[in-house]
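Visitor: Need coordinates for the below:
(chains A and B)
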Amino acid sequence: MSEILVLVEQVDGEVKKVTLELLTLARSLGTPSAVWAGPGFTADAKARLAEYGAEKVYVAGSADVVDHVVAPKAELLAQLVGSAAPAAVLVAATAEGKEIAGRLAVKTDSGVITDAVGLSEGFVADQSIFGGGVNVHSRVTKGTPIIAVRPNSTAPAPSPAAGTEEEVSVALSDAAKASKIVERVKQEKGARPELTEAAIVVSGGRGVGSAENFSIIEGLADVLGAAVGASRAATDAGWYPHQFQVGQTGKTVSPQLYIAAGISGAIQHRAGMQTAKTIVAINKDPEAPIFELADFGVVGDLHQVVPQLADEISKRK
Amino acid sequence: MNIVVCVKQVPDTATERKLRSDDKTLDRDAADGVVNELDEYAVEEALKLKEAHGGEVTVLTMGPGKATETIRKALAMGADKAVHLTDDALHGSDALSTSYAMAQTLKKIGFDLVILGSESTDARTGVLAAMLAERLGAAQLTLANKVDIDGSSISIQRLTDYGYDKVEATLPAVVSVVEKINEPRYPSFKGIMAAKKKPVATMGVADAEIDASQVGLGAAWSEVVDFAAAPPRAAGTIVKDEGDGGVKAADFLASKKFI
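Guide: You can find the predicted model right below:
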């Protein structure tokens, strides 16, 4: 089986779920090799990657790889594409993952597909475009297929493999070091899962009414182990930080379950969440367009319905 | 400082967007064309930087003839001049060939700083700024929610999942912006009138020294195999809250094994 490179996403040495998804997906089309970029590779991380099918783990442990914006990771992958001649390269379709894919495509003169939600024989990618309105099959026709896959597209399944470690040294160009990261500022609230990666997202909108009332949304998210999202109306009003905005000018999420509370469902919001597998909407306005998408909808005041739902979930656990 | 702001005309999200059945490219006639929303933030940021540091703002757009509407809007906001890269040979260009064509044009017109929106609302690939930085050998300062310039030094706050990264570089640079960065101004009547007199240079592939074999549908690095309208979602169950809306929602979640 041919080798497929999977760029590992990790936070403080902990492998993110999306990487396990990509390894699972890669296994259906070839033999996955994980690519670890930067310091922090541990025996735990190695075990985790091997558990989900990484036959090999390329480790580029130099701090240089993560101290500059995106370009070093693209150079690392380009080097491996040159030496290993893989059948494809998979990255997570996060904002940064897509940027890496873009630079890698230029470097290796290869086609790139972003936001794939599935992948079949011949690396034909499923995509859902125009806010979920059109389903597309597309494929790369030149070079090594570089494919950015959306989190939550595949259920991760273990399948132990060797996980043979291979050190990689990468000689970065000056151009790759042009943008230096001088400080990382962490503002994330609590220990909730990352928004684009979460299996469940609970979002609040205009109907929440104030920043303080977002605690209602957070309460529901916490009993479900969910991430919190917000509509643009809510982030524009300053009720919730911008990086949690779901929609056309914010994040695209594709969770198993999306709960929209106090969100009317303007087309711009729908563009960011329409591919969720199951959608639940809670809104006072029975005419709200979000109900057209909802698998289950409650016409009512979120200030009553959401806390009751959170209580009920706690009781049934 | 020579700032070039890249803008794209996209189909209005609020209208129906389609692919053409013949060549599977975007059907530009099916929907109203508008300025890509995030590019308006890019124009605003370019104007602010010019106001603070001097220089000139050039609008660059690649697209068919009707993309001039997009140029006019950016000029009416306050940009000084525009370059419209337009050629039948460019039709159907994918992100790789678009970035190549735009990079060639940027080399031709010169720049200290290139600014664009972090993605377009139609293709949403989010790769163009990174590709331009790669092709131009310029610093990549993308997903910015704040930009500061001091002489030839530039720093941004790069939006991340956990907050932001503070990133520094030396010009030339390619910056992409997120919506949080500013509030785009509305063109004034005076601005709209002035825009009519501002110079718009039209360039084709030959003018920009673009190798025509590297652009257009035939040169694309990927292809759409087939496409179809997404099947409509089956109608869901809608209940009215009569004091037990949360309980009913919990019943639904339990039936779907979420709890």
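Visitor: show me what contacts residue A:255?
Guide: Neighbouring residues of residue A:255 by CB atoms under 8 Å, 6 or more residues apart in numbering or on different chains: A:152, A:198, A:199, A:200, A:201, A:227, A:276, A:277. All C-beta atoms are positioned from the backbone trio N, CA, C, and that covers glycine.
Visitor: how deep is residue B:256 tucked in, by neighbour count?
Guide: When counting by other CB atoms under 10 Å in any protein chain shown, one arrives at 15 neighbours for residue B:256.
Visitor: what separates residue A:214 from residue A:262, distance-wise?
Guide: Taking CB to CB, to the nearest Å as the measure, residue A:214 falls 10 Å from residue A:262.
Visitor: what touches both of the two?
Guide: Counting by CB under 8 Å, 6+ apart, the shared contacts of residue A:214 and residue A:262 are A:204, A:208.
Visitor: Between the two, which is the more surrounded one?
Guide: It is residue A:262, of residue A:214 and residue A:262, that has more neighbours when counted by other CB under 10 Å, with 29 against 20.
Visitor: so the more buried one touches residue A:288, yeah?
Guide: No. Between residue A:262 and residue A:288 no contact is recorded; they are 9.4 Å apart, counting by CB atoms under 8 Å.
Visitor: The longest strand anywhere in chain B: what's the following helix or strand?
Guide: The longest strand of chain B (DSSP state E) is strand B:139-150. Using DSSP states H and E, the helix or strand that directly follows strand B:139-150 along the chain is strand B:153-160.
Visitor: how far does that following strand sit from the chain's center?
Guide: Here strand B:153-160 is found 18 Å from its chain centre; the criterion is CA atoms, centre = their mean, to the nearest Å.
Visitor: Packing partners of that strand?
Guide: The contact analysis (3 or more CB pairs under 8 Å, 6 or more residues apart in numbering or on different chains; DSSP states H and E) places strand B:153-160 against strand A:180-186, strand B:139-150, strand B:163-170, strand B:173-177.
Visitor: mind redoing it with 7 Å?
Guide: Packed against strand B:153-160 by the contact rule (3 or more CB pairs under 7 Å, 6 or more residues apart in numbering or on different chains; DSSP states H and E) you find strand B:139-150, strand B:163-170.
Visitor: Now do the buried residues in the first one.
Guide: Residues of strand B:139-150 classed as buried: B:139, B:140, B:141, B:142, B:143, B:144, B:145, B:146, B:147, B:149 (neighbour count, 16 or more other CB atoms under 10 Å in any protein chain shown).
Visitor: swap in the shortest one?
Guide: Applying a neighbour-count criterion of 16+ other CB under 10 Å, one finds B:164, B:165, B:166, B:167, B:168, B:169 buried in strand B:163-170.
Visitor: if I read this right, residue A:298 contacts residue A:305, doesn't it?
Guide: Yes. Using CB atoms under 7 Å, residue A:298 makes contact with residue A:305 at a distance of 5.3 Å.
Visitor: Which of these two has more residues huddled nearby?
Guide: More crowded of residue A:298 and residue A:305, by other CB under 10 Å: residue A:298, with 30 against 27.
Visitor: got the contact list for the closest residue to that one other than its chain neighbours?
Guide: The shortest distance from residue A:298 to any non-neighbouring residue, by CB to CB, 6 or more residues apart in numbering or on different chains, is to residue B:245 (4.1 Å). By CB atoms under 7 Å, 6 or more residues apart in numbering or on different chains, the contact set of residue B:245 is A:298, A:300, A:305, A:308, B:239.
Visitor: Okay, and which of those map to helices?
Guide: Residues of those located in helices (DSSP state H): A:305, A:308.
Visitor: Against which helices or strands is the longest strand of chain B packed?
Guide: The contact analysis (3+ CB pairs under 7 Å, 6+ apart) places strand B:139-150 against helix B:37-53, helix B:128-136, strand B:153-160, strand B:163-170, strand B:173-177.
Visitor: Same list, these, but as TSV with mean pLDDT please.
Guide: Converted to TSV, those look like this (pLDDT from 0 to 100):
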stretch	mean pLDDT
helix B:37-53	97
helix B:128-136	98
strand B:153-160	96
strand B:163-170	96
strand B:173-177	98
